[in-house]
Each structure stands twice: as structure tokens, then as C-alpha cells.
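**Q** Below: sequence and its predicted model.
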Amino acid sequence: MIGYLTLGSNDLEKAAHYYDSLLNGIGATRAYKTEELAVWSFGEGTALFSITKPFDGNPATVGNGVMIALEAESPEAVDVLHAEALRLGGTNEGDPGQRGKSFYIGYFRDLDGNKLNFFCRT
């Protein structure tokens, strides 16, 4: 069971606004924020999503091969959420579409270059 996911950020305020808008589209709300950390909840008993300034004080960097998949309700929701990620300043890493027999996925990078996707099972 995953308790939480954390991505590093070099501009916590900007990233927090990005994720406030983006994660709202899949039912998450900001649980709390400090000067170093912002956390979103998808509901009681679910994994949390967070962004943070690196604890060691060094710049946040992107993990090569690291990606977070966020589940959406339908292919239409994936399309909307992927478009919102780009509208908010993210970059496209793969247009939404069917991948294999049972996944519909759209890939993007956030403002700090972290790779994520929205997906649904089809």
C-alpha cells in the first residue's frame, strides 16, 4: 500500500497553484501547506500526493525513469486533465490515447519537469 508520493520542486508556490488546479480535476483537495511542503488528499484512507523543497537544500531534480500515474474516471476525463496540465504550463510527453488493450493514458511533465500521467482502465 502506498502512503504518499512526493515530488521535489524549486518553486513551491508556483507548483502548489499548478497542483491545486490540476488535482482538483480528480477530486483531490489540499490537505495542508508549509513553507517547505504542500500535500493533497484524495479522501480518507487513500494515498497522499505532496511536493516539497528538497530537505538537503540542493535543487530539486527530475528522477530519470520516475513517473506518477494518476487515475481518472474515463478517457474523456484523461483528455480534459491532460489538456489542463498543459494549459497550466506543463509540457506534453505523449498525447492521450489507447495504450495496449486496457489503458487510456496521456503523459505530461509538470512545471519542475517531473513526469506524470493521467490514465483510466478501458
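**A** Great, that's in hand.
**Q** contacts, neighbours, all on C-alpha from now
**A** OK.
**Q** could I get the top strand by length along the chain in PDB with only the CA atoms?
**A** With residue count as the measure and DSSP state E as the assignment, the chain has strand 91-99 as its longest strand. Extracted in PDB, the C-alpha atoms of strand 91-99 (Å, rounded to 0.1, in the frame of the first residue of the first chain):
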ATOM      1  CA  THR A  91       4.600  20.100 -21.200                       C
ATOM      2  CA  ASN A  92       3.300  17.200 -23.400                       C
ATOM      3  CA  GLU A  93       5.100  13.900 -23.100                       C
ATOM      4  CA  GLY A  94       2.600  11.900 -25.100                       C
ATOM      5  CA  ASP A  95      -0.900  12.700 -26.300                       C
ATOM      6  CA  PRO A  96      -3.800  10.900 -24.600                       C
ATOM      7  CA  GLY A  97      -4.700   7.700 -26.400                       C
ATOM      8  CA  GLN A  98      -5.200   4.000 -26.100                       C
ATOM      9  CA  ARG A  99      -2.100   2.000 -24.900                       C
END
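**Q** Packing partners of it?
**A** Counting contacts by 3 or more Cα pairs under 8 Å, 6 or more residues apart in numbering; DSSP states H and E, strand 91-99 packs against helix 75-87, strand 103-109.
**Q** Please identify the most buried of these.
**A** Most buried of those, by mean neighbour count (mean count of other Cα atoms under 10 Å): strand 103-109, with a mean of 21.
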